[in-house]
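Novice: Structure for this input, please:
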Amino acid sequence: MPVCCFHRSVPRKTMAWSESVDTLLANKDGLAAFRTFLKSEFSEENIDFWMACEDFKKTKSSAKIASKAQKIYSEFIQADAPREINIDFTTRDHISQNISEPTLKCFDDAQRLIYSLMAKDSFPRFLRSEVYKELVNKQQNGNQKRWLPFL
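Specialist: Next up, the predicted model:
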């Protein structure tokens, strides 16, 4: 049975970000928007730490593992680090004791804590923020539904 026309739907990336923090973080534009939001809340160190850990886990060279681990430690973990993340004493202490011989998993506990903080706290606020609402409105206005004859 022939159909005279069909509705072309445009992927709604921006709205898909609301599905989960994973969906948001997996999308380059979503990650950028979330980082901008976190920056406005003075907590972009969380996403920067999470991204640094993701990059760190892909490190192949053992020499680079040590130098990258030290950089992450000095920037985000050690007491009075310039971009210190909010983690519990036990997690911070465990990392501090093992930083001299780092493994690709040495930041996993801290990364899980920060991910959880972002997922439970920052992400819901992001979805309620003007930043996110403006992005959704822009996308909806730019992707008006179109009826296309016989394609």
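
Novice: show me where this structure has helices.
Specialist: 13-16, 21-26, 28-40, 44-56, 62-72, 89-98, 108-117, 123-128, 130-142 (DSSP state H).

Novice: May I see those helices organised as TSV, with mean pLDDT added?
Specialist: Written out in TSV, the entries for the helices of the chain read as follows (pLDDT from 0 to 100):
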stretch	mean pLDDT
helix 13-16	74
helix 21-26	90
helix 28-40	92
helix 44-56	97
helix 62-72	95
helix 89-98	96
helix 108-117	97
helix 123-128	94
helix 130-142	81
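
Novice: do you know which of those helices lies nearest A79?
Specialist: Within those, the stretch nearest A79 is helix 89-98; the backing value is 7.6 Å (Cβ to Cβ). Quick note: C-beta positions are derived from backbone N, CA and C, even for glycine.

Novice: I'd like to know which elements that closest one is packed against.
Specialist: helix 108-117 (3 or more Cβ pairs under 8 Å, 6 or more residues apart in numbering; DSSP states H and E).

Novice: Give the buried residues for the helix it packs on.
Specialist: D109, A110, Q111, L113, I114, Y115, L117 (16 or more other Cβ atoms under 10 Å).

Novice: contacts for it?
Specialist: By Cβ atoms under 8 Å, 6 or more residues apart in numbering, the residues outside helix 108-117 that reach it are 21, 46, 49-50, 53, 77, 85-88, 91-92, 94-95.

Novice: Just the closest of the buried residues of helix 108-117 to K58, please.
Specialist: Among those, and counting by Cβ to Cβ, the member closest to K58 is Q111, at 13.4 Å.

Novice: Run through the residues that contact the residue nearest the centre of the chain.
Specialist: Nearest residue to the geometric centre of the chain (Cα atoms, centre = their mean): L25, 3.9 Å. Shown in contact with L25 (Cβ under 8 Å, 6+ apart): L31, F34, W50.
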